[in-house]
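Asks: Curious how this folds, go ahead:
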Amino acid sequence: MKKFKKMVAIEPTKLLPEWDGKLKKLAEEAIFYEDIPTDSATIIERIGDADCVMLSFTSFIDKEVIDACPNIRYIGICASLYAPENANVDILHAEKKGIVVTGVRDYGDEGVKEYAISELVRLLQGRGPAMWKDEPMELTDVKVGIVGMGTVGSLLARTMNFFGMDVHYYSRTRKPEIEKELGMSYLAFDDLLENVDILITCLNKNVVLLDEAAFQKFGNGKILMNVSIAPSHEVPALKQWLSQPGNYAFSDTEAGLGEEVIGLPNIFTGKTNAGLTSMAKVRLAQKVIENIEKFQEIN
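Replies: Here you go, the predicted structure:
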């Protein structure tokens, strides 16, 4: 298996240190930066003559960077990659240049389901700084709508069904198998908004479905939880909706709701991604290294 000549991680990979060490052994020379670059010029300077580039989900490798670094043969994303249009790498341009781009799927979902249940129980039972209704409630029979029925959405659907919630969903494509398995109903997006009390969005990056009209349909006295890595909503519309009493919004990170609403008393965010537990980081690293080894076997 032929090693890369030079591997550069242009930003922190967010892997555990021992796995960064294993990554470095896959190249003759390896440089791993510990800060996030602020512009394309810095990224180009960092990559230089490297043939392998690693990054997480924070920085962007666009056409300008790819054209300025002709030695790149491989770009490894140490984060989720679902489709070219949602990636932080210009995959289509990279492919034109003969550059292989890989990412990872399905490594942090277990932490997300635990986060969702934990936060909802705290709010419904009043075990945190706020309580949803006048008296403590159970999850049982509460109507929840899940938007996006990919890996995370289906995992949440099964989890919430287990806790006795009344689960409905909307997705670009229907999932008859899981509908049958859970007795779960599919609703058109507008119907879902009007018929559930808790809405959980599980969407790809840069997919924004909730605008002012959508929040009006959703109504008040409701809960929004976004487990996507970026807002699934227009931030000003969310801020307006949050100005109404009885509305609450959750995301495991501040980036999931938007800077404009940070600090409002009825939002709850964290500093770390729920899918980046130590266990998830191990699964992520294993898949990142597996992607590289498969590339090196045939190149």
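Asks: Surely Leu123 is within a strand?
Replies: No: read with DSSP: H, G, I helix; E, B strand; the rest coil, Leu123 is helix and lies in no strand.
Asks: what's around it, how many residues?
Replies: 23 (other CB atoms under 10 Å). Glycine gets a C-beta too; all of them are placed from N, C-alpha and C.
Asks: same question, Glu114
Replies: Neighbours of Glu114 under the rule other CB under 10 Å: 13.
Asks: what about Phe268, which SS state?
Replies: Using three-state DSSP, the structure places Phe268 in strand.
Asks: Point to the residue nearest the middle of this structure.
Replies: Centroid-nearest residue in the chain: Ile229, 3.3 Å away (criterion: CA atoms, centre = their mean).
Asks: Phe57 is in contact with that residue, correct?
Replies: Yes: using CB atoms under 8 Å as the test, Ile229 is close enough to Phe57 to be in contact (6.5 Å).
Asks: what is in contact with these two at once?
Replies: Here Ile229 and Phe57 share the contacting residues Ser80, Lys205, scored by CB atoms under 8 Å, 6 or more residues apart in numbering.
Asks: The stretch 1-150 of the chain: strands as residue ranges?
Replies: For the stretch 1-150 of the chain, the strands defined by DSSP state E, counting those that start in this stretch occupy 4-9, 27-32, 52-55, 74-80, 100-104, 143-147.
Asks: The first one: which residues count as buried?
Replies: With burial defined by 16 or more other CB atoms under 10 Å, the residues of strand 4-9 counted as buried are Phe4, Lys6, Met7, Val8, Ala9.
Asks: which among those gets closest to Ala274?
Replies: The closest of the buried residues of strand 4-9 to Ala274 turns out to be Ala9 (CB to CB; 23.6 Å).
Asks: For that closest one, give me its contacts.
Replies: Ala9 touches Asp20, Leu23, Ala30, Ile31, Phe32, Tyr33, Val53, Met54, Leu55, counting by CB under 8 Å, 6+ apart.
Asks: circling back to that earlier point, okay, the strands of the stretch 1-150 of the chain in CSV with distance to Val208 next?
Replies: Shown next, in CSV, are these (distance: least, CB to CB, whole Å):
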stretch, distance to Val208
strand 4-9, 30
strand 27-32, 33
strand 52-55, 24
strand 74-80, 18
strand 100-104, 21
strand 143-147, 11
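Asks: hey, which of those is tucked in deepest?
Replies: strand 52-55 (a mean of 27; mean count of other CB atoms under 10 Å).
Asks: Could you list every helix and strand in contact with that one?
Replies: In this structure, strand 52-55 makes packing contacts with strand 4-9, strand 74-80, judged by 3 or more CB pairs under 8 Å, 6 or more residues apart in numbering; DSSP states H and E.
Asks: Just put those strands in a markdown table and tack on distance to Asp90 and mean pLDDT.
Replies: Shown next, in a markdown table, are those (distance: least, CB to CB, whole Å; pLDDT from 0 to 100):
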| stretch | distance to Asp90 | mean pLDDT |
| --- | --- | --- |
| strand 4-9 | 18 | 98 |
| strand 74-80 | 10 | 93 |
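Asks: Out of these, flag the one nearest Asp67.
Replies: Comparing the helices and strands packed on strand 52-55 under CB to CB, the one sitting nearest is strand 74-80, at 13.7 Å.
Asks: what are the pairing partners of that closest one, and which direction each?
Replies: strand 52-55 (parallel), strand 100-104 (parallel) (DSSP bridges).
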